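show me the folded form of this:
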Amino acid sequence: MTQQTADDAYRFAQWTAEHWGVVRGFVLSLVQRPDVADDVTQETFRRALESVGKYTESGQARSYLLKIADRLVVDHARQKQREVTLKETKWQRLQDEHESHQPDQLASQKESQQQLNKALNLLSEEQRRVLLLRYYGEMKFSEIAEITQWPVNTVLSHCRRGLLAMRDTLHDSG
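Prediction:
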């Protein structure tokens with residue numbers, strides 16, 4: 001194994017350890033299906049692995065991975081294929097069987113998650129993307145503008161309007 005190959009393997013392992021959860025959370029928030037989120041996240045890291053040798057380290061690995069994930073989510077949304085899936089209630093029941101949280105903690109977490117999902121779902125697609133990239137990806141507005149290929153002022157506007165809409169929705173439900 002050459003030194004370059006070893007360095008690339010180490011970099012990819014580091015990306016996976018540090019950013020898998022953030023990328024999956026970002027994707028899940030957009031697609032709202034755990035199975036699709038898993039597939040898109042895996043494809044994101046597969047593509048990153050293919051191009052890890054071309055990546056120039058600049059401290060922007062999370063941004064790089066989220067850019068790949070965002071494009072894959074957009075591509076997925078364009079596809080008009082129907083898939084057969086388990087109903088959400090059955091899927092959730094199977095997941096809950098493997099968790100050992102207290103019932104009151106689960107109920108509180110689930111309620112908070114439902115409120116947040118409701119607020120996110122009421123946003124426009126653009127607002128949701130910007131907010132998820134900003135807060136899940138901890139990205140700067142300039143990075144979001146680069147990923148979405150929108151002007152920075154448009155990104156700022158989507159973020160502001162999205163935050164105001166979420167505040168109103170969460171305030172009304174709380």
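
next up, phi/psi of Leu132, please.
Its backbone dihedrals place Leu132 at phi -70, psi -40, with angles given as degrees, to the nearest 10.

ok, it to Gly53 distance?
29 Å (C-beta to C-beta, to the nearest Å). To be clear about C-beta, it is placed using only N, CA and C from the backbone, and glycine gets the same treatment.

swap in Gln79?
Applying C-beta to C-beta, one obtains 29 Å for the distance of Gln79 from Gly53.

the more surrounded of these two?
For Gln79 and Gly53, the more surrounded residue by other C-beta atoms under 10 Å is Gly53, and the numbers stand at 12 against 8.

what's the closest non-adjacent residue to the more buried one?
Across the structure, with C-beta to C-beta, 6 or more residues apart in numbering as the measure, the residue nearest Gly53 apart from its sequence neighbours is Asp8 (5.1 Å).

my guess is that neighbour contacts Lys54. True?
No - when contacts are counted by C-beta atoms under 8 Å, Asp8 is not listed as touching Lys54 (9.6 Å).

before we move on, back to that, any idea how far whatever helix or strand the residue nearest to Gly53 lives in is from the chain center?
With elements delineated by DSSP states H and E, Asp8 resides in helix 3-31, which encompasses its position. Averaged C-alpha coordinates place helix 3-31 at 13 Å from its chain's average position (C-alpha atoms, centre = their mean, to the nearest Å).

alright, that wraps it up for me.
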